[in-house]
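[1] What would the 3D arrangement of this be:
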Amino acid sequence: MRDRLWRNRLAWYEWPLWAPLVPASALYGAAIACRSIYWRIAGRRAPVRTIAVGNLTVGGNGKTPFTLFLASMLAQRGLRTAIVSRGYGAKKRTTNDALLVADGGHILLDPEQAGDEPVMMAKAFPGPIAIARHRIDAINLLAQRGPLDAVVLDDAFQHLRLRRDVDLLLVSAERGLGNGWMLPAGPMREPLGAAARASAVVLIITEDGPTGSGVAEIIAGSRERLMPAMLRPRALVRPDADGWRELPLELSGRRVVAVAGLADPRSFFRMLRRAGAEVVGQLEYRDHHRYTESDCRAIRAMADAAGAPIVTTEKDLVKLERFPFASDSLYALRLEVVMDEADQSRLLAMATGTGDESAGAART
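    Numbering: from 1, shown residues only. Below you'll find the model as predicted:
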């Protein structure tokens, strides 16, 4: 229902549901404006180079895969790189202390303690990962453990409390900006003008995906800073006794049951079908869903009835793998980010500070 009300064109019977949200949207926008002014004055800078990855809208825009892509690219070039996240979806903690999620390939916290996305990233990234409500606390924790060259901040475009060296704004070409209104009347976390402070705008494209509203406006206002990036399936991963094993992406003609707990699972289901899979059943859960025994019984029942394996997202796999599924019945679709070589070089120069990261953008 929420996404339906955030469309550009509403049916006549939807207007009475949407109109009461407008005053709340105005109040939210005023609060965001005041908050932005305050943190522009009171923001703190970290003792290490920081690169923030984020977006302007709620919901999936490929932030976590792109964070992994960027951190891995920096680490592969010999930079001591860490990832910091807020740890959204983790169980409530009694303190605001920073926590180390993983280091050196050793995962120290589970999804309930750290949130699903930090643990998912730890499955693929061997460097240190920490979480904290205030990202500066996580950075300080990591800095105490040893020298760092760069820290990539996941979902931090709105975290103005911390001054960054580089701000990367991700925009999903498929989801777009909806109706352009601020929460709760629309999907916008900030007004479109906030894109001006981005060092670069990364347009996340999925193969054959539709183009959402507002994308043209973003492109028109950010041509010099625009970097297209393709998000596509790379492999399947399967949990086993030694961790996650990566397997070839062999889905052509294969019957599968698809399970996703995402803000918008439609892109995931399309990717499976585009890879050649025959989706004979699908189950959708809310974003960051905490799976229960009852959920897993329902998933197993659907898979058993269809006689097909389960394919889910990596974010869901970190929560589902603790339940008893039959051997070789549970897989996740691993995604990869692909960029043009020239854009990837620009991104690397920006992230390392060897190029002009501002490129006309207003620094936070």
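[2] where does the stretch 151-300 of the chain dip in pLDDT?
    For the stretch 151-300 of the chain, applying pLDDT under 70 flags the ranges 208-210.
[3] any chance you could map the helices in it?
    Using DSSP state H, counting those that start in this stretch, the helices of the stretch 151-300 of the chain run over residues 215-221, 266-274, 293-306.
[4] residues in contact with Arg238?
    Contact analysis of Arg238 by CB atoms under 8 Å, 6 or more residues apart in numbering lists 244-245, 247, 328, 330-332. Every C-beta, even on glycine, is put in place using the N, C-alpha and C of the backbone.
[5] change it to 6 Å
    245, 247, 331 (CB atoms under 6 Å, 6 or more residues apart in numbering).
[6] go on, Val48?
    148, 151.
[7] The one 4 residues further on too?
    Contacts were defined as CB under 6 Å, 6+ apart; by that measure Ala52 touches 153, 156-157, 164, 167.
[8] Looking at these, spot the one nearest Val237.
    Distance to Val237, by CB to CB, is smallest for Leu153 among the contacts of Ala52, at 25.1 Å.
[9] What sits closest to the closest one if chain neighbours are left out?
    Ala52 (4.4 Å; CB to CB, 6 or more residues apart in numbering).
[10] and that neighbour, backbone torsions?
    Ala52 adopts backbone torsions of phi -100, psi 140, taken as degrees, to the nearest 10.
[11] who's it bridged to?
    With DSSP bridges applied, Ala52 shows beta-bridge pairing to Leu153, Asp167.
[12] Can you get me a residue count around the residue found closest to Ile205 once you drop the neighbours it is linked to in the chain?
    Nearest residue to Ile205 in three dimensions, chain neighbours excluded: Ala173, at 4.8 Å (CB to CB, 6+ apart). By other CB atoms under 10 Å, the residues close to Ala173 number 22.
[13] repeat for Val215
    By other CB under 10 Å, 18 other residues sit near Val215.
[14] ditto for Ala19
    Residues within reach of Ala19, counting by other CB under 10 Å, total 11.
[15] I'd like to know how far it sits from Arg7.
    14 Å (CB to CB, to the nearest Å).
[16] ok, now Ala75?
    With distances taken as CB to CB, Ala75 is found 41 Å from Arg7.
[17] got it, and Glu117?
    Glu117 is 27 Å from Arg7, by CB to CB.
[18] and if you look at Val171?
    From Val171 to Arg7 the distance is 18 Å (CB to CB).
[19] out of these two, which sits in the more crowded spot?
    Each of Val171 and Arg7 has its neighbours counted (other CB under 10 Å); Val171 has more, 27 against 14.
[20] I'd say that one and Ile218 touch.
    Yes: Val171 lies in contact with Ile218 (CB atoms under 6 Å); the separation is 5.2 Å.
[21] residues touching Arg245, list them.
    Residues near Arg245 by CB under 6 Å, 6+ apart: Arg238.
[22] quick one, what contacts the residue nearest to Ile205?
    Residues near Ala173 by CB under 6 Å, 6+ apart: 203, 205, 211, 215.
[23] And those residues, which of them are buried?
    Among these, those classed as buried by 16 or more other CB atoms under 10 Å are 203, 205, 215.
[24] TSV for those residues, including distance to Arg346?
    Compiled in TSV, the buried ones among the contacts of Ala173 are given as follows (distance: CB to CB, whole Å):
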residue	distance to Arg346
Leu203	14
Ile205	17
Val215	20
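[25] What is the nearest of these to Ala275?
    Ile205 (16.4 Å).
[26] Verify the contact between Ala260 and Arg266 for me.
    No: in this structure Ala260 lies outside contact range of Arg266 using CB under 6 Å: 9.1 Å.
[27] Are we agreed that Leu142 is in a helix?
    Yes: assessed by DSSP: H, G, I helix; E, B strand; the rest coil, Leu142 belongs to a helix.
[28] Count the residues that sit near it.
    If you count neighbours by other CB under 10 Å, Leu142 ends up with 26.
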